[in-house]
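A.B. asks: Mind looking at a prediction? Sequence and model below.
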Amino acid sequence: MSIFKRLYRTCIDLMPAAHRAAYGDEQWRLFEQVVAEEAPRSVISRVVWSCDLLARGCWAAMQAHIDRHQASARARESVWLSRGGGGSMRSDLRFTWRSVRSAPWYAASVLAVTAVTVALATTTFAIVDGVLFRPLPYPDAGALVLIEPGFANVPPPVYRDRAVHLGYVSSELDVRNWQAAVPDVPITAFRAQLWSGLSAGDPEALTGVALIQPNFFDVVGVAPLIGGFTADDFLTEAKLRPVIVTYDNWLALSSDGRNPLGQEVITDPVGRRGFRIVGVMPKGFTFPSFRSDSSFITPFVSDPKTRENPAARQLSEVIARVPSGMSSSELRERLMNGVTATAAAFPARGPKPEGWSDNGWRREGPYDSVSVSPLASAMGRQFRPLFLAVFAAVALLVVIAASNVASLMSARALERQREIAVRRTLGAGVWAVARLWAVEAASLIVTGAIAGALATPLLMGVMLQLLPEAIVLLKPPQIDWRVAGFVMITISLLVLFVTIAPVRRSLVLSGNQNRGASERVRTPGRFLVVGSQVSIAFVLTVVGACLVGSLMTVYSQKQPIQVDGVVTVDAMFQGPGSGGVSPARAVREQQVRSRLAQLPGVISVGASGAQVLKGGGALPEFAAPEGRKHLPNQDAWPVTEGFYDVIAPQLVQGRLPTREELRTAAPLLVVSERVAQNLWPDRSPLGQSLVHWPTKAPFTVIGVVKEVRWLAWDLESPIIYAPYATSRYPWVTYFIRTNGNTARMAADATKAMVEADALVLPRRTGTLASIFRDSVSLRRFQSWLFGGFAAAALVVVGVGILGLLAMSTARRTKEVGIRCALGATPNSVATLVVREQAAAVIAGLVVGGVVAAWAVRFVKGYLYEITVTDPRIWLSAVGLIVLTALIGSFVPAWRASRIDPLKALRTE
Amino acid sequence: MPPTRVSTASLPLAPAVFHILLALADGDAHGYRIRADVIERSNGALKLDPGSLYRLIARLTADGLIDEAPVRPKADEDDERRRYYRLTPLGKRLLTAETDRMADLVAVSRAKARKATRSA
């Protein structure tokens, strides 16, 4: 054997043993044949040819070793696949990681959609849970009912700052007669109201105080944890009222290490009036009032003067515990006997005066009906419709997100059909495929949910800033186990729901392996998904646009006064002259104002005896001229000298009082435009006079000014401006115009006021601009909430369309390549991709439009100077949806248009 | 499980693999016949050496694209030391897919060429 052949034999020996055993002999025989037939004759050529053959033999041996290693790896992978895609969760997770790495658009879309949805849903649930779902913390709470008197067939009055009418209050006689009518049903009543000055460290904060009847704890079924009231506490009103505080309040009061029991909370240092803590309620107790979140419980002391008076209605709510076997209608029928008894005791009223409406006059008289409703539904009912709407919006958002993620995963299943088919061929069962998708879905959704949960505290902070004080929650809005449970359930349902579509698609497709991986896929499912998402997002956008549009309209209302650089300080006078029309208080007010004027940076100082943008001032204390009625919400503002200098109102007619006239309390009035038009529609208001009820003194109108929305930014506020001496109430608001830092001025002013008069209690400070903004806090809350939902829905829909199209166009790379090769321009390819979504978007807009037209009726009552049919609302909502769909479509379309045809055709 | 290198079944096929499958498309063949067919079809451009040929045959067999033919020629035409190979159904489908792909490529090339001619 020649050396050449021996060397080639060595090459064959270098082959892996298995290969050598299988093909060694064949290779050797072929080699001999090749040498015999193809070897060149000349020596040099033969040597070169032999060396080439040897080198190729060595190269083949080396490649065969590499092949063997790869075959082993593939075999291991096959075994793993045949076990159903992995024997362990770790393997599944590793495979998911590889899968999402190869499809970043898909992974990013699922993560973004889940994170946005979970963040918003968690925050919202933490707040609405306290009103909608939490069971009442009383034993056998289902037996507790709320008894409310009323007037049959008379609509409730409308209040400016309430979403719904809170119900009529009851007199002691009402409650006694009801109890007499149903002696077998325990009934109790209380008065719940907001007091200021009870919160240590924050004099501005309002605290809920409930004045209860002696049997309150028996009816509700919860007794104080520590302490309690004595029978005497309900008989005489002590200067220091005994009070039982809630558990949370107790903890707050004992934070300095002192035992709160026996502590005093002084609200009037002069009269030494206030509260003395005598007990604490059990943890988790919530006072059963829908009017205020009461954390102080104190006895209601019956006043002998009003005890028998049916018109002295002081008890805000009445609760009864219905015995088993008695229905609400039976209770209501029996209570009507009590209503009749009270009506009989009502003093005779004479004929209806001129100018009164029938309903208005009836509301002044005795009640003629009574209603009974479960306490659970009555609690938080003021904001229940709002919160239900919010929860519905959350549910819609979750539905959009779920369908979005499901469609993305379904599209992903198309991409992975070959891999799934291999798994199925190798023996993977239905459950193994389902588990693979479930692990992938759970991994992505849980990661997205964690990102969303991390953003929740931030979002919750924003939401709580916006939450109006008036909203009564049955638990503090926080992330507790109930919220955590809600998130877990949401995630589980999401995973379950979104796993079904890809599993189904995988199993259907795995039986159809001839389907090309790059063929065009246009399913009715995708049309439905995009269309339904667009329709839901459209509904949320229209509702959001209505509310945000209203808020923007309010914000665009410029006040006809100087607002910039004005600081206001609410204060309350205690001590001499704090009640009634009092020269003593006028003197003290003047002293405080003088002190404020001396502060550096102060340009001018004025004051008003009104609670600015917080429920108004002194009511219309001037009698209307003969035959005229005051406007709703009309207010009288006692103002001091300097007031007009600070706010600089726009004069329409006449003049403003001089400083001297204000200082000497000259009987002169300035009225706002609507007051003038209402009281003197056919003549000039200048020179007309109005009589001040308390003093019977006539006052002359000398000027008309533009109307300022002093009650709330979104409320017309007809005002009569009078001298400060007419003020009958102890509260006052100082207006300070400064050219310095307003925040510092507020702090300096508060300090200076107390220095000037130790018995002045400063309560609320802020810039005039900020208190205007705060006056529409409920509107702002609604707008942010629904605007946020609309924005989130748009993001989810945009991301969903983007992800779906990105995957779809990636799958259609080859088709796009052929189109480009056949002359399609990048623009025409982009247009094609965008156009294909148009039908789904238009269908979504039509369906969403119909639903939105129905849904806007629920927000009708919250709108301000815009209607639900305002074309601007609808056009901007359509514009936003179309823009979102375009953005979602544009990126994939742009990518598709840049595909290189040659590369595309090689793509599989 | 780390991803392994692409198998011979991945499109586009390597030229040698394509020619081996093509050689077997005419019917069962042994190594020598396959090699001769490949050289003839490629006009001598693809001269498979014995080592490379049997390495590829081993890989194609492992990937399930070819296997040993059970039916042998008549005794007088047969050399019992030879083994005959044939295409499996998967190998046939793969060959068809590769042929379609190439046909697409040709279509694109022709379209481009026509466009270029027109614009010239």
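C.D. replies: That came through, no problem.

A.B. asks: residues in contact with the residue of chain B found nearest chain A?
C.D. replies: Residue nearest to chain A within chain B: B:Gly51 (2.9 Å; CB to the nearest CB). No exception for glycine: its C-beta is placed from N, CA and C like everyone else's. B:Gly51 is in contact with A:11-12, A:15, A:27, A:56-61, A:64, counting by CB atoms under 8 Å, 6 or more residues apart in numbering or on different chains.

A.B. asks: Kindly report the same for B:Gly44.
C.D. replies: Residues near B:Gly44 by CB under 8 Å, 6+ apart: none.

A.B. asks: pLDDT wise, what is it at?
C.D. replies: pLDDT recorded at B:Gly44 is 84.

A.B. asks: Now go through the contacts of B:Gly51 and say which are in helices.
C.D. replies: A:11-12, A:27, A:56-61, A:64 (DSSP state H).

A.B. asks: Run through those and flag the ones next to chain B.
C.D. replies: The residues of these that also fall near chain B, by CB under 8 Å from any CB of the partner chain, are A:11-12, A:27, A:56-61, A:64.

A.B. asks: Can you pull up the most central residue in the chain?
C.D. replies: You didn't say which chain, so I picked chain A. With distances taken as CA atoms, centre = their mean, A:Leu785 lies nearest the centre of chain A, 3.9 Å away.

A.B. asks: oops, I was thinking of chain B
C.D. replies: B:Leu21 (2.4 Å).

A.B. asks: That one: which element?
C.D. replies: Taking DSSP states H and E as the definition, one finds B:Leu21 inside helix B:15-25.

A.B. asks: give me the number of residues near the residue in the stretch 1-150 of chain A that chain B sits nearest to?
C.D. replies: Here the stretch 1-150 of chain A gets closest to chain B at one residue, A:Ala60, 2.9 Å apart by CB to the nearest CB. Number of residues near A:Ala60 (other CB atoms under 10 Å in any protein chain shown) recorded here: 25.

A.B. asks: Could I get the contacting residues of it?
C.D. replies: By CB under 8 Å, 6+ apart, the contact list for A:Ala60 reads A:11, A:15, B:49, B:51-52, B:54-55.

A.B. asks: Counting neighbours, which of those residues comes out on top?
C.D. replies: B:Gly51 (30 neighbours).

A.B. asks: and the helix or strand where that residue lies with helix B:15-25, angle?
C.D. replies: Per DSSP H and E: B:Gly51 is located in helix B:50-62. Helix B:50-62 runs at 70 degrees relative to helix B:15-25, counting by axes from the mean of the first three to the mean of the last three CA atoms, to 10 degrees.

A.B. asks: Next SSE downstream of helix B:50-62?
C.D. replies: strand B:66-68.

A.B. asks: quick revisit: of the contacts of B:Gly51, keep whichever come out buried.
C.D. replies: The neighbour-count test (16 or more other CB atoms under 10 Å in any protein chain shown) marks A:11-12, A:15, A:27, A:56-58, A:60-61, A:64 as buried among these.

A.B. asks: Show me the strands in chain B, by range?
C.D. replies: With DSSP state E as the criterion, chain B has strands at B:66-68, B:85-87.

A.B. asks: what residues does the first one touch?
C.D. replies: Pointing back at strand B:66-68 there. With CB under 8 Å, 6+ apart as the test, strand B:66-68 has contacts from B:20-21, B:24, B:57, B:60-61, B:83-88, B:91.

A.B. asks: Take these and write them to JSON lines, including distance to chain A and pLDDT.
C.D. replies: Output for the contacts of strand B:66-68, formatted as JSON lines (distance: CB to the nearest CB, whole Å; pLDDT from 0 to 100):
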{"residue": "B:Ile20", "distance to chain A": "14", "pLDDT": "93"}
{"residue": "B:Leu21", "distance to chain A": "17", "pLDDT": "93"}
{"residue": "B:Leu24", "distance to chain A": "16", "pLDDT": "93"}
{"residue": "B:Ile57", "distance to chain A": "7", "pLDDT": "93"}
{"residue": "B:Leu60", "distance to chain A": "11", "pLDDT": "90"}
{"residue": "B:Thr61", "distance to chain A": "9", "pLDDT": "89"}
{"residue": "B:Arg83", "distance to chain A": "6", "pLDDT": "87"}
{"residue": "B:Tyr84", "distance to chain A": "11", "pLDDT": "90"}
{"residue": "B:Tyr85", "distance to chain A": "10", "pLDDT": "93"}
{"residue": "B:Arg86", "distance to chain A": "16", "pLDDT": "92"}
{"residue": "B:Leu87", "distance to chain A": "18", "pLDDT": "92"}
{"residue": "B:Thr88", "distance to chain A": "14", "pLDDT": "90"}
{"residue": "B:Gly91", "distance to chain A": "15", "pLDDT": "88"}
